[in-house]
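1. sharing a model that was predicted from the sequence below.
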Amino acid sequence: MEQAIPREKTQDGIWIEVPQEDGELTREHFRGVRCGLTWPTTGSPGFYCLVGQLSRSLPNGRYPLRILKEGQEHVLNVLFRNLFDDLGQFGAYEIFGDLTSKYQSYILDFNQHYVSRKLQDVKLTPAPFYQSFSHGVYVIRSWIKDEALHIPSGTITRDQLKMIKEEDLKGDVEDRFFGINALRFVVSAYEVSPVYPSPPVRRHVSSRVPHPRGWT
């Protein structure tokens, strides 16, 4: 994946140079950037993806989304260090994930890392529909169908979307498709609530299954 390059933060968002399929860079203005985070497990790495929302809307009223950066790591400290570095570069502060008691130890480690760095404030928030992987996939598919979600070639998430089949949506699907899992968290956040370029208050960390063919 060719990397997006953050250039200039503004009062109403951020200018970012994003690579096109032909390799050329295009300067685009984003209203904001959010992050989806999947915790590591014994069988899969921790994974995050930063997704920006463009300032210009489509004729259907959607503000398009684009994956700007992915990161993965098994070691928590390295995962958090890279995550915080990328959040700072892209001016992001909202992270969405599964914050249930199952992951309480990870959340505590995240909070300790946050406090130790003292570099920025972030908001760790339960993702909408975190209980249902299949519903999150439906949300992703609806944005793709509306041509409002760009997933660059060469990304882990795009590769996983190409591989997943309907029969895969069972068992430990969150672990096997960790990239899709992180993406569904952040796309669902855009689905249910608007993005704000900067937080009004910065705080301490406190169905039917769609057929996957043709998602990308």
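-> Thanks, I have the structure now.

2. from here on, just use CA atoms for contacts and neighbour counts.
-> Fine.

3. torsion angles phi and psi at residue 3?
-> When quoted as degrees, to the nearest 10, the phi and psi of residue 3 stand at phi -80, psi 140.

4. what sits against residue 35?
-> Going by Cα atoms under 8 Å, 6 or more residues apart in numbering, residue 35 touches 48, 49, 50, 51, 92, 94, 95, 96, 186.

5. from those, which land in helices?
-> Among the contacts of residue 35, the ones falling in helices (DSSP state H) are residue 186.

6. helices along the chain, start to end?
-> Under DSSP H, the chain gives helices at 76-90, 104-117, 133-145, 156-163, 173-176, 178-192.

7. mean pLDDT lowest for which of those?
-> Here the helices of the chain differ in mean pLDDT, and the lowest is helix 104-117 at a mean of 86.

8. any buried residues in it, and which?
-> Buried positions in helix 104-117, judged by neighbour count with 16 or more other Cα atoms under 10 Å: 107, 110, 111, 113, 114.

9. what bridges to the spatially most central residue of the chain?
-> Centroid-nearest residue in the chain: residue 36, 3.3 Å away (criterion: Cα atoms, centre = their mean). Legend: beta-bridge partners of residue 36 under DSSP bridges are residue 49, residue 96.

10. my guess is it meets residue 180, correct?
-> No. Residue 36 is beyond contact range of residue 180, at 9.7 Å (criterion: Cα atoms under 8 Å).

11. overlap in contacts, the two.
-> In contact with both residue 36 and residue 180: no residue, using Cα under 8 Å, 6+ apart.

12. coming back round to it: between the contacts of residue 35, identify the one with the most neighbours.
-> Comparing the contacts of residue 35 by number of neighbours (other Cα atoms under 10 Å), residue 48 comes first, having 31 neighbours.

13. ok, for it, nearest residue in space, not its chain neighbours?
-> residue 37 (4.4 Å; Cα to Cα, 6 or more residues apart in numbering).

14. contact partners for the one you found?
-> Counting by Cα under 8 Å, 6+ apart, residue 37 makes contact with 46, 47, 48, 49, 95, 96, 97, 182, 185.

15. pLDDT score for residue 212?
-> 43.

16. how much space between residue 112 and residue 88?
-> Between residue 112 and residue 88 the distance is 18 Å, computed by Cα to Cα, to the nearest Å.

17. now residue 155
-> Distance from residue 155 to residue 88, by Cα to Cα: 21 Å.

18. which one's more surrounded, those two?
-> Shown here are residue 155 and residue 88; by other Cα under 10 Å, residue 155 has more neighbours (17 against 14).

19. about what we covered before: could I get the contacts of residue 37 as CSV with distance to residue 130?
-> CSV is the format used below for the contacts of residue 37 (distance: Cα to Cα, whole Å):
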residue, distance to residue 130
46, 16
47, 15
48, 15
49, 16
95, 13
96, 9
97, 7
182, 10
185, 7
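
20. from the residues you listed, which single one is nearest residue 12?
-> Closest approach to residue 12 among the contacts of residue 37 (Cα to Cα): residue 95, at 19.2 Å.

21. contacting residues for the closest one?
-> Each residue near residue 95 by Cα under 8 Å, 6+ apart is listed here: 34, 35, 36, 37, 122, 123, 124, 125, 186.
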